[in-house]
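Student: Sequence first, then the predicted structure:
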Amino acid sequence: MSMDYILRIMKPMLEGAQMTVILFFITLILSIPLGFIVTLLAKSRIKPIAWLMHTYIYVIRGTPLLLQLLFFCFGLPMLPVIGEYLVLDRTTAALLAFVLNYAAYFAEIFRGGMLSIDKGQYEASQVLGLSKSQTLIRVIVPQMVRIALPAVTNEATTLVKDTALLYAVAVPELLHFANTAVNRDFTIVPYFVAAMIYLLLALVLTLFFRALEKRFKFE
């Protein structure tokens, strides 16, 4: 295929990539703090709250993201009694599914990070007269971030690729436009172009997180 053809299909595909990037950033911005809150609630001494959080994590991590997308996009309106109040546009429903899914995974990452911190850190904080909230903010969280950052990087890279699942619920993103061009022009070139865009996004993301890891490592 000529370069003219590639340039011609790039415009709609870049529009689709814009949706991919928007979904990625919104999901990351919302799911990371939500995941941390879930981690704290899962450690709550109030058993029903802790049980609810553990159940949420188990259900989300134990079912496919695609199934969750289909449920939020098509299943919510079909729920008895409350379904008519849960009708969302496809993009909003998909975003909700992504945020809840990745929050559960980040919650497990943060839990692992907190478990790896020596108990002596908590005892030392008590000796210094720090409250539980001060211990969490000043002592635990900074160490947890350093420990959890590589795993967060992996999840963020996976998120870039998982945005392709939006194709299954008819949200126009990068893969949607690539597949449209393939079906229209009977060529697989759009798939290669889409792959290059995904790889570029993953590369930028990897470089950013590596710089972030180095900063936390040497501070």
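Tutor: Looks like it came in fine.
Student: C-alpha only now, for contacts and for neighbours.
Tutor: OK.
Student: packing partners for the lengthiest helix in the chain?
Tutor: The helix spanning the most residues in the chain, taking DSSP state H as the definition, is helix 3-42. If you count contacts as 3 or more Cα pairs under 8 Å, 6 or more residues apart in numbering; DSSP states H and E, helix 3-42 packs onto helix 47-62, helix 90-115, helix 141-162, helix 174-185, helix 189-218.
Student: Which one of those lies nearest to Phe74?
Tutor: Of all the helices and strands packed on helix 3-42, the one in closest proximity to Phe74, counting by Cα to Cα, is helix 90-115 (8.7 Å).
Student: will you turn the helices and strands packed on helix 3-42 into JSON lines that also has distance to Tyr122 and mean pLDDT?
Tutor: Formatted as JSON lines, the helices and strands packed on helix 3-42 follow (distance: least, Cα to Cα, whole Å; pLDDT from 0 to 100):
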{"stretch": "helix 47-62", "distance to Tyr122": "21", "mean pLDDT": "95"}
{"stretch": "helix 90-115", "distance to Tyr122": "11", "mean pLDDT": "93"}
{"stretch": "helix 141-162", "distance to Tyr122": "12", "mean pLDDT": "88"}
{"stretch": "helix 174-185", "distance to Tyr122": "47", "mean pLDDT": "88"}
{"stretch": "helix 189-218", "distance to Tyr122": "21", "mean pLDDT": "86"}
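Student: Local confidence estimate at Glu219?
Tutor: pLDDT, Glu219: 49.
Student: Pick out the residue nearest the middle of this protein.
Tutor: Centroid-nearest residue in the chain, with Cα atoms, centre = their mean: Tyr102, separated by 4.1 Å.
Student: correct me, but that residue touches Pro33?
Tutor: No - with contact defined as Cα atoms under 8 Å, Tyr102 does not count as touching Pro33 (10.7 Å).
Student: what does stretch 200-213 rub up against?
Tutor: Applying Cα atoms under 8 Å, 6 or more residues apart in numbering, the contact partners of stretch 200-213 are 146, 149-150, 153, 156-157, 160.
Student: redo that, cut-off 7 Å
Tutor: 149, 153, 157, 160 (Cα atoms under 7 Å, 6 or more residues apart in numbering).
Student: What is the neighbour count of the second one?
Tutor: What it means is Thr153. Neighbour count of Thr153, defined by other Cα atoms under 10 Å: 18.
Student: what about it, distance to Pro142?
Tutor: Distance check for Thr153 against Pro142: by Cα to Cα, to the nearest Å, it reads 16 Å.
Student: do the third one as well
Tutor: To Pro142, Thr157 is 22 Å away according to Cα to Cα.
Student: tell me the phi and psi of Asp89?
Tutor: phi -70, psi 160 (degrees, to the nearest 10).
Student: So the closest residue to Trp51 other than its chain neighbours versus Leu52, what's the distance?
Tutor: Spatial nearest neighbour of Trp51, chain neighbours left out: Ala42 (7.1 Å); criterion: Cα to Cα, 6 or more residues apart in numbering. Note on Ala42: its distance to Leu52, by Cα to Cα, is 8 Å.
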